[in-house]
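Novice: compute the structure for the input listed below.
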Amino acid sequence: MSNKDFDNLPEQPVAVKGVEKPKPAREFLEPYYKTLGDGTLKLLGIKTGLAELDEKTLGLDGLIVLGGIAGQGKTSLALQLAFDVCELGTPTIFYSLEMPKRAIFTKILNRLAQVKYSDILLKGRQYLDETRQDKNLLGESVDFYSLLTKDQADKLKEAKEKLTKASDKFYLRSRESKEADIDFESVEREINLIKAEHKADKVLVVIDHLQVFNAGENYKDQIDKEGKLITGFKGISERTGATIILISQKNKAGFTSRGLQTIKGSVDIVYLADVVMFLESDEEKKKDDGDLDNIIANFGGQVLKKIDLVIDKNRYNAPCKIELDFNGEYSSFTTRK
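Specialist: Below is the predicted model of the structure:
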């Protein structure tokens, strides 16, 4: 363009038909002020029942990644959050890509009743099945309280009532047959159907776990696959408004490197996830990478475990950690006192 061309340009910008300028910030300030809290905790996302987690994250919202090595209770924590969220009124979909329904229901009852997992499997029918007989499979008479104590039996029946009451809002897909052969399209469709059925603004979705989800065949390697999965679930969360928890396995190479790099596919997680958190035990902090197998073996044998929920990326707050106690016998997480 020559200098003569510049001389012919209009002094004032010419309005383009159909194109509007951005609105000044002043128009948004008053509505913004009304969204702020008044000193009482106002959650922006879904209430979980774990008070400190709600306070630190302002409620679960968007795309959340939960990582950790094997045996630290990732599934137990996610299942606890999912069921408690459901009890508080938010519809929940739990996609269990490795565990069958029987195991999921038993873990829920295990935590609610504080009755051993094995006791529920071996003796629970006497207390949970309305069609049961007062005889065992051998035809022998069974005293109602000979298998469990009265206190255990009463707690198990209370847990059954809670599970039954919440079950209309707790949706489950598990690994049996091809029930868990799901893809992005089916997940998004099911979220929208459940939102419509319950007239719900929010839905919680748990994917257990990310690495076994069907990403199709068009990817180069595992990292590329996980990048596509993170991108896909981020899109679903944004389009549907659902909060999605992705359980991710921490890889061996990233075991001793703290922070976001401990989770597979971490580059995409850093940019796309709204919250990234991982479970880390006291034993894990003390060991070198070469001791990973021993840590998993030793840690899995402990009943009571001290575990930190490390929140490395936090959409509404600073990174932090929450000190938890994990009772492996009852699949239960509580805030450490």
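
Novice: and the helices in the chain?
Specialist: Assigned by DSSP state H, the helices in the chain fall at 3-7, 26-34, 51-57, 74-87, 101-113, 117-123, 125-128, 150-166, 184-198, 222-240, 266-272, 282-286, 292-300.

Novice: who's in contact with Lys234?
Specialist: By Cβ atoms under 8 Å, 6 or more residues apart in numbering, the contact list for Lys234 reads Leu63, Leu272, Ala273. C-betas here are computed from N, CA, C, even on glycine.

Novice: distance of it from Tyr271?
Specialist: In this view, Lys234 and Tyr271 are 9 Å apart by Cβ to Cβ, to the nearest Å.

Novice: swap in Met277?
Specialist: 16 Å.

Novice: higher neighbour count, those two?
Specialist: Set Met277 next to Tyr271 and count neighbours by other Cβ atoms under 10 Å: Met277 wins out with 28 against 11.

Novice: go ahead and confirm that one touches Gly68.
Specialist: No - the pair Met277 / Gly68 is not scored as a contact, 9.1 Å apart, by Cβ atoms under 8 Å.

Novice: number of nearby residues for Lys228?
Specialist: Residues near Lys228, counting by other Cβ under 10 Å: 18.

Novice: spatially central residue in the protein, please.
Specialist: Ile245 (3.5 Å; Cα atoms, centre = their mean).

Novice: low-confidence stretches in the stretch 1-150 of the chain?
Specialist: Residues of the stretch 1-150 of the chain meeting the criterion pLDDT under 70: 1-19, 41, 131-146.

Novice: how many residues are close by Asn218?
Specialist: 8.

Novice: my bad, Ala82
Specialist: With other Cβ under 10 Å as criterion, Ala82 counts 25.

Novice: tell me who's in contact with it.
Specialist: Taking Cβ under 8 Å, 6+ apart, one finds Thr92, Phe94, Phe170, Leu204, Val206, Ile245 in contact with Ala82.

Novice: can you map out the strands along the stretch 201-337 of the chain?
Specialist: 204-208, 243-249, 275-281, 304-314, 320-327, 332-335 (DSSP state E, counting those that start in this stretch).

Novice: closest one of the contacts of Lys234 to Glu190?
Specialist: Distance to Glu190, by Cβ to Cβ, is smallest for Leu63 among the contacts of Lys234, at 17.1 Å.

Novice: could you flag which of the contacts of Lys234 are buried?
Specialist: Buried residues within the contacts of Lys234, defined by neighbour count using 16 or more other Cβ atoms under 10 Å: Leu63, Leu272, Ala273.

Novice: for the second one, give me its contacts.
Specialist: When contacts are counted by Cβ under 8 Å, 6+ apart, Leu272 touches Leu63, Ile230, Thr231, Lys234.

Novice: cutoff 10 Å now
Specialist: Leu272 sits next to Gly62, Leu63, Val65, Gly227, Ile230, Thr231, Phe233, Lys234, Gly235, Ser237, Gly265 when contact means Cβ atoms under 10 Å, 6 or more residues apart in numbering.

Novice: swap in the first one?
Specialist: For Leu63, the residues meeting the contact criterion (Cβ under 10 Å, 6+ apart) are 205, 230, 233-238, 242-246, 269, 272-276, 315.

Novice: tally of neighbours for the nearest residue to Lys101 once chain neighbours are set aside?
Specialist: Of all residues not flanking Lys101 in the chain, Ser174 sits nearest, at 4.7 Å (Cβ to Cβ, 6 or more residues apart in numbering). Residues lying near Ser174 (other Cβ under 10 Å) number 20.

Novice: so Ser174 touches Ile104, yeah?
Specialist: Yes - here Ser174 lies in contact with Ile104, judged by Cβ atoms under 10 Å, at a distance of 6.4 Å.

Novice: which among the contacts of Lys234 gets closest to Phe184?
Specialist: Distances from Phe184 to the contacts of Lys234, taken by Cβ to Cβ, are shortest for Leu63, at 13.2 Å.

Novice: beta partners for the closest one?
Specialist: Per DSSP bridges, the residues bridged to Leu63 are Ile244.

Novice: separation between it and Gly124?
Specialist: Taken as Cβ to Cβ, the span from Leu63 to Gly124 is 36 Å.

Novice: show me the contacts for the residue nearest to the centre of the chain.
Specialist: So Ile245 contacts 60, 63-66, 74, 77-78, 81-82, 85, 92, 94, 204-208, 210, 233, 275, 277 (Cβ under 10 Å, 6+ apart).

Novice: quick check, pLDDT for it.
Specialist: The model reports Ile245 with a pLDDT of 96.

Novice: one more: the one 5 residues further on?
Specialist: Each residue has a pLDDT score; the one for Lys250 is 62.

Novice: then the one 3 residues further on?
Specialist: Residue-level confidence at Ala253 comes out at 42, pLDDT.

Novice: buried subset of the contacts of Leu272?
Specialist: The buried subset of the contacts of Leu272 (16+ other Cβ under 10 Å) comprises Gly62, Leu63, Val65, Gly227, Ile230, Phe233, Lys234, Ser237, Gly265.

Novice: list just the nearest of those to Thr40.
Specialist: Gly62 (22.9 Å).

Novice: buried stuff in stretch 33-47?
Specialist: Buried-residue list, stretch 33-47, by 16+ other Cβ under 10 Å: Leu43, Gly45, Ile46, Lys47.
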